[in-house]
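Enquirer: Pasting the sequence and the predicted model now:
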Amino acid sequence: MFNKLWKCLLIVSIALCLSGCGNGETADGKDVTVIRVAFNQNEQHPQYLAMKELGEKFEEATNGRYTMTIYPNGVLGEQGAMAEFIRTGALQMAIVPCSVPEGYDKDFAIVGTPFLYDGIDHMEKVVENGVFDELFHSTRKYKFEVLTVYTAGERNVYAKKAVNSAADLKGMIIRVNDSPTYIEMVRLMGGSGTTMAQSEVYSALQQGVIDAAENSELVYDDFAHYEVAPYYVYTKHIVHPDVVLASTEFLDSMSPEDREIFDRLVLESTVTEFETFKEKVAEKHDIITEKGTQFCYPDVEEFRALCQPLLDSVANQSDVTRKIYDDIVALREEK
């Protein structure tokens, strides 16, 4: 009860702070609308860089009538609360995990389903082809709209031993995010999923409490997990989607001309974010190679087949998710 009350008070206090940071005027007296964006990563992250570029381009295109302020490093609080700030109009935009809109509409589970994508390029093609557009526009009834997907990269297994097939995962204890979907995914892959804080993973690997973990090359290097799990295994089980939310109050306040510019720049920022993230992954791959990492390339189709029951359960939630799934598979098969 206390935690719930504390959370409510935190939301109210941040909302009051944001609402107090009012809009202003340009030097020639024109009104300036400040676009406030919440983000939980640092200023070097590809998602931050893409959003910053979007803000700068929109400010230039509108002759300074719009300006953007990004609040990085989670300074506005936990990500689940950001949608509520947006719904009240206290915040204009946020970059959040797909689980946030999923809290309002379970069909969003399809966007980040395990083994749905072949890789980052496949996800980028899905976004560019507008596969999620209908689902994203449907959230307007919640007073926010999902504008686009920014990738957070592929998640792969890394382990204390080589993994070249599903048989090699049998019996292994693998740290995953605190998600029933992830736990079930690892079970179907042949291992046993367990949850723990990211800060505990290094010592758990070192002490043999777990046999493996899973994440991107960025996390693998940043937390020095190559020291205790020297095998990086390209299972490609998740291509992680984050989404950009925007307040419908903010979007509807724009003129048709400004909204057209804004939407175009959102798409441009999506391309920027995907390309920047891929460059970052390539850099990290070179770094962890130099640090002695051994790479394994098992047959991803073997793992996908094992996890097909999980894919089917999410795809068959509704007519919307079934169509999205079929469209994504079609783009995967399209060469």
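Expert: Received, thanks.
Enquirer: And Val228, how far from Ser203?
Expert: Remark: distance between Val228 and Ser203 (CB to CB, to the nearest Å) = 8 Å. All C-beta atoms are positioned from the backbone trio N, CA, C, and that covers glycine.
Enquirer: same thing with Lys143?
Expert: 43 Å.
Enquirer: In terms of neighbours, single out the busier of the two.
Expert: Taking neighbours as other CB atoms under 10 Å, Lys143 and Ser203 compare with Lys143 leading, 15 against 12.
Enquirer: Report the contact partners of that one.
Expert: 86-87, 247-249 (CB atoms under 8 Å, 6 or more residues apart in numbering).
Enquirer: rerun at 6 Å
Expert: The contact partners of Lys143, by CB atoms under 6 Å, 6 or more residues apart in numbering, come to 87, 248.
Enquirer: try Val244
Expert: Contact analysis of Val244 by CB under 6 Å, 6+ apart lists 95, 147-148.
Enquirer: list the contacts for Asp211?
Expert: Neighbouring residues of Asp211 by CB under 6 Å, 6+ apart: 160, 172-173.
Enquirer: That one - nearest residue in space that isn't next to it in sequence?
Expert: Leaving aside its sequence neighbours, Asp211 sits nearest to Met172 (CB to CB, 6 or more residues apart in numbering; 4.2 Å).
Enquirer: Do a quick rundown of the strands in the stretch 201-335 of the chain.
Expert: 212-215, 231-247, 294-296 (DSSP state E, counting those that start in this stretch).
Enquirer: can you tell which of the ones you listed is closest to Phe136?
Expert: Ranking these by proximity to Phe136 (CB to CB) places strand 231-247 first, at 7.9 Å.
Enquirer: Give the partner strands of that closest one in its sheet and their orientations.
Expert: Note on strand 231-247: by DSSP bridges, its sheet partners are strand 93-97 (antiparallel), strand 144-159 (antiparallel), strand 294-296 (parallel).
Enquirer: Now tabulate those strands in JSON lines and tack on mean pLDDT.
Expert: What follows is the strands paired with strand 231-247, written out as JSON lines (pLDDT from 0 to 100):
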{"stretch": "strand 93-97", "mean pLDDT": "95"}
{"stretch": "strand 144-159", "mean pLDDT": "97"}
{"stretch": "strand 294-296", "mean pLDDT": "98"}
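Enquirer: neighbours around the residue nearest to Asp211, how many?
Expert: If we define neighbours as other CB under 10 Å, then Met172 has 20 of them.
Enquirer: Next, the contact list for it, please.
Expert: Neighbouring residues of Met172 by CB under 6 Å, 6+ apart: 191, 211-212.
Enquirer: so where's the protein shaky on pLDDT?
Expert: 1-29, 335 (pLDDT under 70).
Enquirer: Please repeat the previous calculation with a cut-off of 50.
Expert: Counting by pLDDT under 50, the chain has low-confidence residues at 1-13, 15-17, 19-22, 27.
Enquirer: Any idea which residue is closest to the centre of it?
Expert: Centroid check for the chain by CA atoms, centre = their mean gives Asp242 as the closest residue, at 2.2 Å.
Enquirer: from what I can see that one touches Ala152, true?
Expert: Yes: with contact defined as CB atoms under 6 Å, Asp242 reaches Ala152; the gap is 5.2 Å.
Enquirer: re the thing from before, need the strands paired with strand 231-247 in TSV with distance to Met254 and mean neighbour count, can you?
Expert: Below are the strands paired with strand 231-247 laid out as TSV (distance: least, CB to CB, whole Å; neighbours: other CB atoms under 10 Å):
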stretch	distance to Met254	mean neighbour count
strand 93-97	13	25
strand 144-159	12	24
strand 294-296	47	16
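Enquirer: Format those strands as TSV; extra columns: distance to Thr113.
Expert: Listed next are these as TSV, based on distance: least, CB to CB, whole Å:
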stretch	distance to Thr113
strand 93-97	14
strand 144-159	13
strand 294-296	23
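Enquirer: Nearest to Asp222, out of the ones you listed?
Expert: Nearest of the strands paired with strand 231-247 (CB to CB): strand 144-159, 12.1 Å.
Enquirer: what are the C-alpha coordinates of the closest one, in CSV please?
Expert: Taking Å, rounded to 0.1, in the frame of the first residue of the first chain, the C-alpha atoms of strand 144-159 are listed here in CSV:
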residue,chain,number,x,y,z
PHE,A,144,-1.2,8.2,-26.8
GLU,A,145,0.0,7.0,-30.2
VAL,A,146,2.9,4.7,-31.0
LEU,A,147,4.9,6.4,-33.6
THR,A,148,7.6,3.9,-34.5
VAL,A,149,9.9,1.2,-33.4
TYR,A,150,13.5,1.8,-32.4
THR,A,151,15.6,-1.3,-32.1
ALA,A,152,17.6,-2.3,-29.0
GLY,A,153,19.5,-4.9,-30.9
GLU,A,154,19.6,-8.7,-31.0
ARG,A,155,19.7,-10.7,-27.8
ASN,A,156,21.9,-13.8,-28.0
VAL,A,157,23.0,-16.4,-25.5
TYR,A,158,26.4,-16.3,-24.0
ALA,A,159,27.8,-19.1,-22.0
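Enquirer: what ranges do the helices span in the stretch 201-335 of the chain?
Expert: Applying DSSP state H, counting those that start in this stretch to the stretch 201-335 of the chain gives helices spanning 201-207, 217-222, 248-252, 256-290, 300-306, 308-315, 319-333.
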